[in-house]
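*Asks:* No letters, just coordinates:
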Ligand code: GDP
Ligand code: MG
């Protein structure tokens, strides 16, 4: 708090002054320097935010604390968050003002310039009537101010007037909430003493986000306007007996309209305030308890802020570390920018193409670590091949009820139309039709197997393309272009081959010795069939179908794998063609968003590093 205040009111001894220099200033300076780095874009800093309903006396309190006239008037005067940085300096003649918003800075020479400068800045940020979340920072260095940083927020408006947006109340509440929600913010809730505190929006909003009032401090204003007979209620409120807050309440009296008309100076107003509390039998005990007057409020706020900072530092340091790690990782993922030099740029492009082709090559060789939904591409294809084999086994199963039923029907049929053949001898036509029926059932699943592999390959290749070229829209487009067309062509060829394989399977063929071997195998396995004719046909059929199944279990996947190989080789060659066909400049034009993102990340990384340095230096000086 200010020495002007303290010397006048004698409530600060030299010991406290030393405490100031040792404990208070360094902490407030630390947070101010962090804020100056713009670190609030990345994490929250300890702060005190002033909130209250319209005309509750917020500006008056801030004025009294800062000794500077702020814009006042009717309606919504504060329309952007205003960070009021008050810095106490030793030299009694110094007064320095610095107003900043966006990237603009403006020096102010006297307190009289403040009001217009702030209004000007607000106009630029929020236009004529609206409100904005952009901050205006007003730094004041003077001997008359306490060391304190406060954020003034728009007053809560009930109804929109003039050209104000209809939802102005909601907009303002959203803005206020954004600040008071943060655990690092102390809410200074300004409430006029002459109204029922429970009905104010401000106290409701504050207790909503901080029900026990751990970080809410109530400030009652306008005690001179309290009706006779109501004083005891006000005293009870200040003594924390009405709406209890862990941080409690203070009461202050600022300049009323009449005082302003009378051109009462801020310093004179402080005297008047003290006299007022002294003269009131009701309120004097509050003054004696240190719960009344602006100087006491200043002291309390400074202490609260310092406590808040001290408590926040370890967590802040932790958060900084985490954010920096994340930013570094994000930057790495984004990769370096494209070199400007023509030769280097060409090399860069070739390197990119090599990396991409290598990734494809690894898919081909089943060495890819490219985890597409958690598995290697080849592992996934392999699984499809196994599924295909399992389906063949199932369809060929010797003892399936369908098969036995089929057999029985065939035998009945043979008996009915029996010619010269001996019993149990299968005629060629019947055997063929049984085989064909079986083969026909397999064609559709075979084509589905093809399609499933095709989908796996396409999604993997697309992922690889994205991973390598996402930053370069043109290169991405050129690389993406053939992925589907080539795949279509290769799988078309694969499909034709599979279909022709199925046509070939209509020929009943197996090399003699292989067939006899297989027959030997199946005849060792008992078949549940009563009729010997059935048994005989079943043996032959099983032997033959097992051979067909084995053939298809190998042949169909072989066709697919061959064309996947062909497909990938074509993609790789195409990349070199693209490199020859287009200019590196065009291909490597980076997506504007990516370039911007990288710039942002670099800036953030710098910020976080600098903040980290500041913080560690501070922590070291503490021990
Ligand atoms: P804001 O809208 O919350 O910023 O409120 P202001 O600070 O502009 O105050 C609204 C009106 O209340 C102004 O006319 C002030 O002069 C007046 N006012 C503020 N504090 C006091 C006080 O303690 N006593 C009296 N009588 N008037 C006050
Ligand atoms: Mg105001």
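*Replies:* Received, thanks. Keep in mind that this is a model prediction, so the values were computed, not measured. Ligands and ions are numbered 1, 2, ... in the order given.

*Asks:* What ranges in the stretch 501-623 of the chain fall below the confidence cut-off?
*Replies:* 525-534 (pLDDT under 70).

*Asks:* need the helices for it, in chain order.
*Replies:* Under the criterion DSSP state H, counting those that start in this stretch, the stretch 501-623 of the chain contains helices at 512-524, 532-581, 584-587, 592-622.

*Asks:* Report pLDDT for residue 75.
*Replies:* pLDDT for residue 75: 66.

*Asks:* returning to what we had before: any chance of the helices of the stretch 501-623 of the chain in CSV, with mean neighbour count too?
*Replies:* All C-beta atoms are positioned from the backbone trio N, CA, C, and that covers glycine. Listed next are the helices of the stretch 501-623 of the chain as CSV, based on neighbours: other C-beta atoms under 10 Å:
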stretch, mean neighbour count
helix 512-524, 12
helix 532-581, 18
helix 584-587, 17
helix 592-622, 15
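
*Asks:* Can you tell me the centre-most residue of the protein?
*Replies:* Nearest residue to the geometric centre of the chain (C-alpha atoms, centre = their mean): residue 326, 11.6 Å.

*Asks:* circling back to that earlier point, between the helices of the stretch 501-623 of the chain, which gets nearest to ligand 1?
*Replies:* When those are compared by C-beta to the nearest ligand atom, helix 592-622 sits nearest ligand 1, at 32.8 Å.

*Asks:* Quick one: name the residues of this structure near ligand 2.
*Replies:* Taking C-beta under 5 Å from the ion as the criterion, the chain approaches ligand 2 at residues 58, 59, 77.

*Asks:* Identify the residues contacting the second one.
*Replies:* Contact partners of residue 59, counting by C-beta atoms under 8 Å, 6 or more residues apart in numbering, are 70, 71, 72, 77, 78, 152.

*Asks:* So the helix or strand hosting it, near ligand 1 or not?
*Replies:* Taking DSSP states H and E as the criterion, residue 59 maps to helix 58-66. Yes. Helix 58-66 reaches ligand 1 (C-beta under 6 Å from any ligand atom) through 58, 59, 60.

*Asks:* Any buried residues in that helix, and which?
*Replies:* Within helix 58-66, the residues scored as buried using 16 or more other C-beta atoms under 10 Å are 58, 59, 60, 61, 62, 63, 64, 65, 66.

*Asks:* what's the model's confidence in that helix, averaged?
*Replies:* On average, helix 58-66 scores 88.

*Asks:* Looking from ligand 1, tell me which residue of this structure is nearest.
*Replies:* Counting by C-beta to the nearest ligand atom, the chain gets nearest ligand 1 through residue 256, at 2.9 Å.

*Asks:* wait, isn't that residue in contact with residue 194?
*Replies:* No. Between residue 256 and residue 194 there is no contact under C-beta atoms under 8 Å: 11.7 Å.

*Asks:* which neighbours do these two share?
*Replies:* With C-beta under 8 Å, 6+ apart, residue 256 and residue 194 have common neighbours 222, 225.

*Asks:* Tell me where the stretch 301-450 of the chain has helices.
*Replies:* So, for the stretch 301-450 of the chain - with DSSP H, counting those that start in this stretch - the helices run 342-364, 377-396, 401-416, 428-469.

*Asks:* Could you do the stretch 51-200 of the chain as well?
*Replies:* Secondary structure of the stretch 51-200 of the chain by DSSP H, counting those that start in this stretch: the helices cover 58-66, 114-126, 168-180.

*Asks:* Check which helices and strands the second one is in contact with.
*Replies:* Counting contacts by 3 or more C-beta pairs under 8 Å, 6 or more residues apart in numbering; DSSP states H and E, helix 114-126 packs against strand 95-101, strand 104-108, strand 136-142.

*Asks:* Could you measure from the residue of the chain closest to ligand 1 over to ligand 2?
*Replies:* 14 Å (C-beta to the ion, to the nearest Å).

*Asks:* The residue nearest to that residue when sequence neighbours are not counted - how many residues pack around it?
*Replies:* Spatial nearest neighbour of residue 256, excluding adjacent residues (C-beta to C-beta, 6 or more residues apart in numbering): residue 224 at 6.9 Å. Close neighbours of residue 224, defined as other C-beta atoms under 10 Å, add up to 15.

*Asks:* Is it correct that residue 224 is in contact with residue 255?
*Replies:* No. Applying C-beta under 8 Å as the test, residue 224 and residue 255 come out as separate, 10.6 Å apart.

*Asks:* How about the residues of the chain by ligand 1?
*Replies:* 52, 54-60, 72, 155, 221-222, 224-225, 253-257, 260.

*Asks:* Can you select the buried ones among the residues you listed for me in ChimeraX?
*Replies:* Those of these that count as buried under 16+ other C-beta under 10 Å are selected in ChimeraX with:
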select :52,54,55,56,57,58,59,60,72,155,221,222,253,254,255,256
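
*Asks:* low-confidence ranges in the stretch 351-500 of the chain?
*Replies:* Along the stretch 351-500 of the chain, segments meeting pLDDT under 70 span 369-374, 398-404, 414, 417-426.

*Asks:* secondary structure element for whichever residue of it sits closest to ligand 2?
*Replies:* At 48.2 Å from ligand 2, residue 471 is the closest residue in the stretch 351-500 of the chain, using C-beta to the ion. Using DSSP H and E, residue 471 falls within no helix or strand.

*Asks:* how many other residues sit next to it?
*Replies:* Around residue 471 there are 21 other residues, counting by other C-beta under 10 Å.

*Asks:* what residues are up against the closest residue to it other than its chain neighbours?
*Replies:* Nearest residue to residue 471 in three dimensions, chain neighbours excluded: residue 594, at 4.7 Å (C-beta to C-beta, 6+ apart). Contacts here follow C-beta under 8 Å, 6+ apart; on that basis residue 594 touches 334, 470, 471.

*Asks:* quick one: residue 594 and residue 578, what's the gap?
*Replies:* 20 Å (C-beta to C-beta, to the nearest Å).

*Asks:* How far does the host helix or strand of residue 485 sit from its chain's centre?
*Replies:* Secondary structure from DSSP H and E places residue 485 in helix 473-504. Counting by C-alpha atoms, centre = their mean, to the nearest Å, helix 473-504 is centred 38 Å from the centre of its parent chain.

*Asks:* what is the orientation angle of that helix with helix 342-364?
*Replies:* 30 degrees (axes from the mean of the first three to the mean of the last three C-alpha atoms, to 10 degrees).

*Asks:* and the helix holding residue 59 with strand 136-142, angle?
*Replies:* Using the same axes, to 10 degrees: helix 58-66 against strand 136-142 is 30 degrees.

*Asks:* Relative to the whole chain's centre, how far out is helix 58-66?
*Replies:* 38 Å.

*Asks:* and the residues of helix 58-66 next to ligand 1 as JSON lines, adding distance to residue 27?
*Replies:* What follows is those, written out as JSON lines (distance: C-beta to C-beta, whole Å):
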{"residue": "58", "distance to residue 27": "25"}
{"residue": "59", "distance to residue 27": "27"}
{"residue": "60", "distance to residue 27": "27"}
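
*Asks:* Out of those residues, flag the one nearest to residue 303.
*Replies:* Distance to residue 303 across these (C-beta to C-beta) is lowest for residue 58, with 20.8 Å.

*Asks:* what's around the closest residue to residue 484 other than its chain neighbours, how many residues?
*Replies:* Excluding its sequence neighbours, the residue lying closest to residue 484 (C-beta to C-beta, 6+ apart) is residue 458, at 6.9 Å. Neighbour count for residue 458, taken as other C-beta under 10 Å: 16.

*Asks:* go on, residue 582?
*Replies:* 15.

*Asks:* Got phi/psi on it?
*Replies:* In terms of degrees, to the nearest 10, the main-chain angles of residue 582 are phi -120, psi 170.

*Asks:* you'd agree it is up against residue 479?
*Replies:* No. Residue 582 is not in contact with residue 479 according to C-beta under 8 Å; the separation is 11.2 Å.

*Asks:* In terms of residue numbering, what are the domains of the protein?
*Replies:* Domain ranges of the chain: 3-325+612-622, 342-589, per automatic domain parsing.

*Asks:* just those: most buried one?
*Replies:* domain 3-325+612-622 (a mean of 18; mean count of other C-beta atoms under 10 Å).

*Asks:* chain center to that one: distance?
*Replies:* Chain-centre distance of domain 3-325+612-622: 32 Å, with C-alpha atoms, centre = their mean.
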